[in-house]
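Asker: Show me how the following folds:
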Amino acid sequence: MGSAGTGVQCASHAGARCNIPSEGGWIIMFSGSVTVNGVELPAAFMGSAPFTAATYFGHRSRLYEMDLKNRPGAIAEVIVESYDLGVRGFQVIPEKQVLEALEMARDAGCELTLMGTLRHEHLEEDLQTLSDLGSAAVLLDEHYTDLLEASEVAEILDGVEGMLRGLATTMPRETTLRLIEEGVDNFELYMIPVNRLGYMTDFPVFLEDERKELGRLLSELGKTVVAEKVLAAGIIPPAEAFEFIGGLDYVDMVAVGVASVSEARETFSELFGR
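Answerer: Predicted coordinates:
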């Protein structure tokens, strides 16, 4: 099935890699699936932050704005290429261009499991949009998770129905401590930035002691952990990034953003060991 909007075609779902035991432990982790409260999720999700020209990409944000933000067809081509490489999950930031690109990719035959972000000041709108799309899970973004009182976060989560509930944080140390101390437990997924540099986290350094501390905190929290920013906004090469992440026993899933077809080929071929 081809898409009139993109002129591209997806591989069949049957082409996805299976979770077959091998010596490459980190490949097993991210080429299979994770079951959370009876819901099966891909272990690897494609992120959509580059498609929104997120500011944390620095000077590349301007390039992403020109190349992607107002060009849903270009975004769709990246999604389709990623799907053909084995990606079966898409983390949706429900901005207009991302939603249009997702529709194009679906028209091209991509059967993606969705995990959506509930944006700051768009809560009800995004909840409805993601529910209509059949999203398997939703995540409160860091503006809620990191800035609101824990009791307020718990109250918002209580209003989510029919989807797995999650939190995204940019402060994995401080926020995790706060959630534990205040007993917020009504969610299943926890998305945190993890990379060997500690880039975009609230750890001033991320050496062995800090890594162990984070592991202890996440073990106490007891949620399914989704690692993001694993490439440190492009600073760390994919092979190096995935080897590090795969060695952390507290990471269950990963979300990785790519900004072009060539980046998709390099990144997901490395992730899936192809």
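Asker: So which residues of the stretch 101-250 of the chain form strands?
Answerer: Counting by DSSP state E, counting those that start in this stretch, the stretch 101-250 of the chain has strands at residues 113-118, 137-140, 164-168, 189-193, 224-228.
Asker: Using PDB, write out every CA atom in the last one.
Answerer: Extracted in PDB, the C-alpha atoms of strand 224-228 (Å, rounded to 0.1, in the frame of the first residue of the first chain):
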ATOM      1  CA  THR A 224       8.400   0.800  33.900                       C
ATOM      2  CA  VAL A 225      11.300   3.200  32.900                       C
ATOM      3  CA  VAL A 226      11.500   4.700  29.400                       C
ATOM      4  CA  ALA A 227      14.900   6.300  28.600                       C
ATOM      5  CA  GLU A 228      14.900   9.400  26.400                       C
END
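Asker: So which elements touch it?
Answerer: Of the remaining helices and strands, those touching strand 224-228 by 3 or more CB pairs under 8 Å, 6 or more residues apart in numbering; DSSP states H and E are strand 189-193, strand 253-257. Where C-beta positions appear, they are placed from N, C-alpha and C, glycine not excepted.
Asker: And the contacts of the last one?
Answerer: Strand 253-257 is contacted from outside by 30, 34, 41-51, 89, 91, 115, 191, 224-228, 230-231, 242, 245, 267-268, 271, using CB atoms under 8 Å, 6 or more residues apart in numbering.
Asker: I'd like the next helix or strand past it.
Answerer: Next helix or strand after strand 253-257 toward the C-terminus (DSSP states H and E): helix 261-271.
Asker: helices or strands next to that next one in the packing?
Answerer: Counting contacts by 3+ CB pairs under 8 Å, 6+ apart, helix 261-271 packs against helix 25-31, strand 44-47, helix 72-84, helix 238-246, strand 253-257.
Asker: and the nearest residue to residue 261 once chain neighbours are set aside, how far is that from residue 237?
Answerer: Once flanking residues are discounted, residue 261 sits nearest to residue 81: 4.6 Å by CB to CB, 6 or more residues apart in numbering. According to CB to CB, to the nearest Å, residue 81 and residue 237 sit 19 Å apart.
Asker: Compare the two (neighbour count), which wins?
Answerer: Each of residue 81 and residue 237 has its neighbours counted (other CB atoms under 10 Å); residue 81 has more, 21 against 13.
Asker: My guess is that one contacts residue 265. True?
Answerer: Yes - counting by CB atoms under 8 Å, residue 81 touches residue 265, with 6.8 Å between them.
Asker: roughly how far apart are the most centrally placed residue in the chain and residue 211?
Answerer: Centroid-nearest residue in the chain: residue 255, 3.1 Å away (criterion: CA atoms, centre = their mean). For residue 255, the distance to residue 211 (CB to CB) stands at 20 Å.
Asker: Residue 41 is in what secondary structure piece?
Answerer: Element membership for residue 41 (DSSP H and E) is strand 39-42.
Asker: So, low pLDDT: which residues of the protein?
Answerer: Applying pLDDT under 70 to the chain flags the ranges 1-29, 53-68, 274.
Asker: so what's residue 240 up against?
Answerer: By CB under 8 Å, 6+ apart, the residues touching residue 240 are residue 196.
Asker: Distance-wise, check it relative to residue 32.
Answerer: From residue 240 across to residue 32, the span is 22 Å (CB to CB).
Asker: need the helices for the stretch 51-200 of the chain, in chain order.
Answerer: Ranges of helices within the stretch 51-200 of the chain are 60-64, 72-84, 96-107, 123-132, 142-145, 150-158, 172-181, based on DSSP state H, counting those that start in this stretch.
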